[in-house]
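Dropping the sequence and predicted coords here.
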Amino acid sequence: MLLFLFDFNIDDIIKKERNKGDTMILEKINKNEDLKKISNKEKKILAKEIRDYIIEIVSKNGGHLASNLGVVELTLALESVFDPNKDKIIWDVGHQSYTHKILNGRKESLKTLRQLNGISGFPKISESKTDCFNTGHSSTSISAAMGMAKARDISKKDYNVIAVIGDGALTGGMALEALNHVGCDQTKMIIILNDNEMSISRNISGMNKLLTNLRSRKNYRKSNQIGKEITYKIPLVGKNLVNIIGKTKNVIKQVMIPGMYFEEIGLKYLGPVDGHDIESLEDILKKAKNFDEPVIIHVKTKKGKGYRPAEENPSKFHGVGSFNIETGELLTKSKNNYSKIFGKKIVELAKRNKKIVAITAAMRDGVGLGEFAEKFPNRFFDVGIAEQHALTFAAGLAKEGMIPFISIYSSFYQRAYDQVIHDICTQKLPVIMCVDRAGIVGNDGETHQGIYDMSFFKLIPNITIMSPKNFKELEDMMEYAIELKSPVVIRYPRGGEIYPKETNNSIELGRAEVLKKGTDITIIGIGKTVNRAFEVEEELRKNNISVELINARFLKPLDKRTIKKSLLKTKKVVVIEDNTIIGGLSSSIKELIIDEKLKDIMILTYAYPDEFIPHGTVSEIEKQYNQNKEIIIHDIKKLFKEKIR
Ligand SMILES: Cc1ncc(C[n+]2csc(CCOP(=O)(O)OP(=O)(O)O)c2C)c(N)n1
């Protein structure tokens with residue numbers, strides 16, 4: 001807090017320094033080298049201009065506003081002291097890299113931020129040489145930086161390596177593993193700890209407690225010095241006492257200086273420094289550059305800095321859709337969605353059953369657990385960005401009789417695969433693994449698309465995998481999962497139900513749901529894609545094509561009996577899934593055809609190809625990858641023309 005009492009008033013500086021009609025400094029900045037041509041006073045003005053520019057763009061395109069506003073000065077200082085064309089600057093998560101992109105050749109194209117074929121919201125090596133490593137998932141920067149630093153040393157090259165990591169990302173196990181290695185190896189590199197006391201929500205981790213102590217380190221230093229002076233003045237014994245204190249200093253230090261955590265594991269600790277004071281930042285960065293050992297610089301920033309609505313509500317503006325700049329109000333009101341339904345249902349279930357507990361890995365609001373957290377604080381656990389720990393922690397809870405629901409975004413489950421296999425499934429523990437944001441997530445792009453979970457979960461023994469076609473089915477599946485008493489995955493997409501069809505078939509293990517009886521063609525969907533199958537069926541019906549419509553419901557165990565019966569009748573099958581083509585529902589149907597030796601079956605599959613899927617809106621991406629009613633109908637008519645009367 002103290003740091004911000006002395007904050008500069010940028011509007012006053014601008015008034016003093018700039019005359020009406022002066023061109024904006026931002027107009028003169030097209031590449032990183034241009035920073036060398038401006039003074040530090042001008043950089044302060046530039047910071048304000050960059051903030052306005054980012055706010056303007058994000059208010060239209062959506063994006064990670066608060067995190068970006070917090071690192072404008074830090075980026076300016078970093079890229080003044082280092083050369084991103086030569087030095088390696090790795091942005092952890094990468095959601096805060098907009099200023100970096102502006103300074104490195106993408107000022108104009110930033111207007112296409114997160115749009116189809118536009119600039120990504122994360123660093124991409126394909127966009128610029130200055131984006132030296134792709135990020136998106138948290139806590140990877142220190143490992144990657146250390147790899148680059150070792151490569152430099154082995155090949156006797158000369159560049160600096162800097163990892164910029166937030167206090168939230170530092171709660172991730174990978175980051176701590178990397179710190180351990182860096183400290184032990186004494187690799188020359190710089191770690192910048194961007195401490196804004198926030199993850200997406202307030203950072204409530206043990207790491208945050210450590211950082212809270214570090215933030216007041218300046219005060220400790222001062223009192224330590226005063227103590228020494230007073231002790232010297234004690235007649236006769238004063239000097240000796242200081243020596244004794246000197247000898248025991250390390251012991252005392254360990255108790256009193258929390259910075260020792262970093263120092264003890266082998267990192268030089270510098271800071272804390274005001275992350276909005278460019279001069280201090282440049283000074284400390286220059287100092288750090290000269291060390292031949294690993295250095296961690298503790299930088300204190302304010303999330304949302306410079307835009308009042310984001311400063312006041314950094315969680316809301318962590319990742320936002322379009323909004324009104326004047327009021328900070330979102331332009332699209334949040335509708336009902338799967339996460340909210342999950343959140344409401346788990347509260348209802350928890351009221352009835354005291355054994356139900358809920359776990360999130362730093363995504364409390366994103367996964368819909370806000371109400372649960374308030375109503376059942378003792379049964380709610382936000383473990384930080386620690387998906388691996390979250391899953392094994394759930395396993396422990398389940399082992400001792402609790403019923404853990406854990407909700408994680410599909411792409412972040414990738415982090416915790418071994419925990420699902422080794423800790424949950426080998427012991428058949430009843431952990432209910434909710435997979436939020438399954439399928440295409442849209443503008444966050446390739447690192448966040450949830451298109452692998454069906455494949456990677458499917459090959460684990462002892463697991464049941466379900467996916468609801470609408471809200472009601474999600475609720476039913478959550479109830480059913482409790483009854484199963486074994487590992488369960490329930491996957492559902494981002495957003496709302498697109499085509500809510502009510503059916504009242506109760507859930508039975510491994511039973512699909514035949515939604516329409518038909519004779520010409522079988523269409524099988526799962527989860528969200530059942531809705532697309534409905535749309536296709538309606539259209540084909542108008543053309544007198546009789547569709548047997550199947551909601552697979554279970555990817556595992558698959559209802560082979562129902563599907564086989566239908567295939568033998570229609571001899572033609574269309575499979576629609578929002579997963580990669582390898583290893584998902586389409587694969588299961590193909591295996592069924594081969595294993596059961598079903599003859600002369602025509603199959604058409606709609607799934608994502610074996611490539612990384614870029615950013616764009618969900619509907620744009622779905623259309624681009626043929627997940628679209630018109631395309632499917634067109635294909636079916638063309639391919640099955642002679643076969644269908
Ligand atoms: C493995 C993983 N889990 C969850 C997320 C979602 N996520 C994105 S940013 C973020 C918070 C990061 O906090 P911090 O590092 O402090 O950065 P800040 O946004 O506060 O600047 C989270 C949880 C992620 N990107 N990766």
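Good, I have the coordinates. All figures in this text were calculated on a predicted structure; none of them were measured in a lab.

And stretch 584-603, what's buried?
584-589, 592-593, 601 (16 or more other CB atoms under 10 Å). Bear in mind the C-beta positions are built from the backbone N, C-alpha and C, glycine included.

quick one, what contacts the closest residue to P123 other than its chain neighbours?
Spatially, and ignoring its direct neighbours in sequence, P123 is nearest to D131 (3.9 Å; CB to CB, 6 or more residues apart in numbering). Contacts for D131 (CB atoms under 8 Å, 6 or more residues apart in numbering) come out as 97, 100-101, 104, 123-125.

repeat that for 7 Å
Contact analysis of D131 by CB atoms under 7 Å, 6 or more residues apart in numbering lists 123-125.

Just the buried residues of those.
Applying 16+ other CB under 10 Å to the contacts of D131 flags 123-124 as buried.

Which ones among the contacts of D131 also lie next to the ligand?
For the ligand, no contacts are drawn from the contacts of D131 by CB under 6 Å from any ligand atom.

Pick the one among the contacts of D131 closest to the ligand.
Closest approach between these and the ligand, by CB to the nearest ligand atom: P123, at 12.8 Å.

In terms of helix, strand or coil, where does N194 fall?
Here N194 is strand, with the state taken from DSSP: H, G, I helix; E, B strand; the rest coil.

Bridge partners for it, pull those for me.
G166, V299 (DSSP bridges).

number of nearby residues for it?
A count of nearby residues for N194, using other CB atoms under 10 Å, gives 25.

before we move on, the earlier item: for the residue nearest to P123, grab phi and psi.
For D131, the backbone dihedrals are phi -90, psi 100 (criterion: degrees, to the nearest 10).

before we move on, what about I190?
phi -120, psi 130.

show me the contacts for it.
Taking CB under 7 Å, 6+ apart as the criterion, I190 is in contact with 160, 162, 288, 295, 297.

Of those, which belong to strands?
162, 295, 297 (DSSP state E).

quick one: which of the residues you listed is nearest D635?
I162 (49.7 Å; CB to CB).

That closest one touches I89, doesn't it?
Yes: the pair I162 / I89 is scored as a contact, 4.9 Å apart, by CB atoms under 7 Å.

Which residues are in contact with each of these two?
Common neighbours of I162 and I89 (CB under 7 Å, 6+ apart) are 78, 82.

Contact partners for the residue of the stretch 501-645 of the chain at minimum distance from the ligand?
Nearest to the ligand, among the residues of the stretch 501-645 of the chain, is H615, at 14.5 Å (CB to the nearest ligand atom). Taking CB under 7 Å, 6+ apart, we find H615 in contact with 114, 120, 442-445.

at 8 Å what do you get?
Neighbours of H615 in contact, by CB under 8 Å, 6+ apart: 114-116, 118, 120-121, 442-446, 621.

Show the buried residues in the residues you listed.
So, by 16+ other CB under 10 Å, the buried ones in these are 114-115, 118, 120-121, 442-446, 621.

Closest one to the ligand out of the residues you listed, please.
Nearest member of these to the ligand, counting by CB to the nearest ligand atom, is D444, at 8.7 Å.

Where do the helices of the stretch 251-400 of the chain begin and end?
260-264, 278-289, 308-312, 338-352, 370-375, 387-399 (DSSP state H, counting those that start in this stretch).

Export those helices to CSV and append columns for distance to the ligand.
Output for the helices of the stretch 251-400 of the chain, formatted as CSV (distance: least, CB to the nearest ligand atom, whole Å):
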stretch, distance to the ligand
helix 260-264, 17
helix 278-289, 16
helix 308-312, 11
helix 338-352, 14
helix 370-375, 15
helix 387-399, 6
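
for those, which one sits closest to S109?
Judging the helices of the stretch 251-400 of the chain by CB to CB, what sits closest to S109 is helix 308-312, at 23.4 Å.

Contacts made by that closest one with the rest, please.
65-66, 69, 302-305, 316-317, 327-328.

ok, back up a step: which ones among the contacts of D131 map onto strands?
Short answer: the contacts of D131 have none in strands (DSSP E).

Out of the contacts of D131, which comes closest to E177?
The shortest approach to E177 among the contacts of D131 belongs to P123, at 21.6 Å (CB to CB).

who's in contact with the closest one?
90-91, 94, 97, 100, 131-135.

Quick one, which of those residues are buried?
For the contacts of P123, a burial check counting by 16+ other CB under 10 Å picks out 90-91, 94, 97, 100, 131-135.

Pipe the residues you listed into JSON lines and attach secondary structure and pLDDT per row.
Below are the buried ones among the contacts of P123 laid out as JSON lines (DSSP: H, G, I helix; E, B strand; the rest coil; pLDDT from 0 to 100):
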{"residue": "I90", "secondary structure": "strand", "pLDDT": "98"}
{"residue": "W91", "secondary structure": "strand", "pLDDT": "98"}
{"residue": "G94", "secondary structure": "coil", "pLDDT": "98"}
{"residue": "S97", "secondary structure": "coil", "pLDDT": "98"}
{"residue": "H100", "secondary structure": "helix", "pLDDT": "98"}
{"residue": "D131", "secondary structure": "coil", "pLDDT": "98"}
{"residue": "C132", "secondary structure": "coil", "pLDDT": "97"}
{"residue": "F133", "secondary structure": "coil", "pLDDT": "98"}
{"residue": "N134", "secondary structure": "coil", "pLDDT": "98"}
{"residue": "T135", "secondary structure": "coil", "pLDDT": "98"}
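
right, and the pair among these with maximum separation?
Farthest pair in the buried ones among the contacts of P123 (CB to CB) is H100 and N134. Separation: 13.6 Å.

near the ligand, anything from the strand or helix carrying D153?
According to DSSP states H and E, D153 maps onto helix 141-154. No: using CB under 6 Å from any ligand atom, helix 141-154 stays clear of the ligand, coming no nearer than 9.7 Å.

Run the chain-centre distance for that helix.
Remark: helix 141-154 is offset 23 Å from the chain centroid, using CA atoms, centre = their mean, to the nearest Å.

Up against the ligand, what does the chain have?
Checking the chain against the ligand by CB under 6 Å from any ligand atom, the hits are 67, 70, 93, 95-96, 137-138, 166-169, 194, 196, 198-200, 303, 318, 361-363, 385, 387, 412, 415.

Show me where the stretch 201-350 of the chain dips below the pLDDT cut-off.
Within the stretch 201-350 of the chain, the segments meeting pLDDT under 70 span 204, 216-259.

I'd like to know how far the residue of it found nearest the ligand sits from L211.
Minimum separation of the stretch 201-350 of the chain from the ligand (CB to the nearest ligand atom) falls at K303, amounting to 5.4 Å. Distance, K303 to L211, by CB to CB, to the nearest Å: 14 Å.

neighbouring strands for the longest strand along the chain, and are they parallel or not?
Using DSSP E, we find that the single longest strand of the chain is strand 572-580. Strand pairing for strand 572-580, using DSSP bridges, gives strand 521-525 (parallel), strand 602-608 (parallel).
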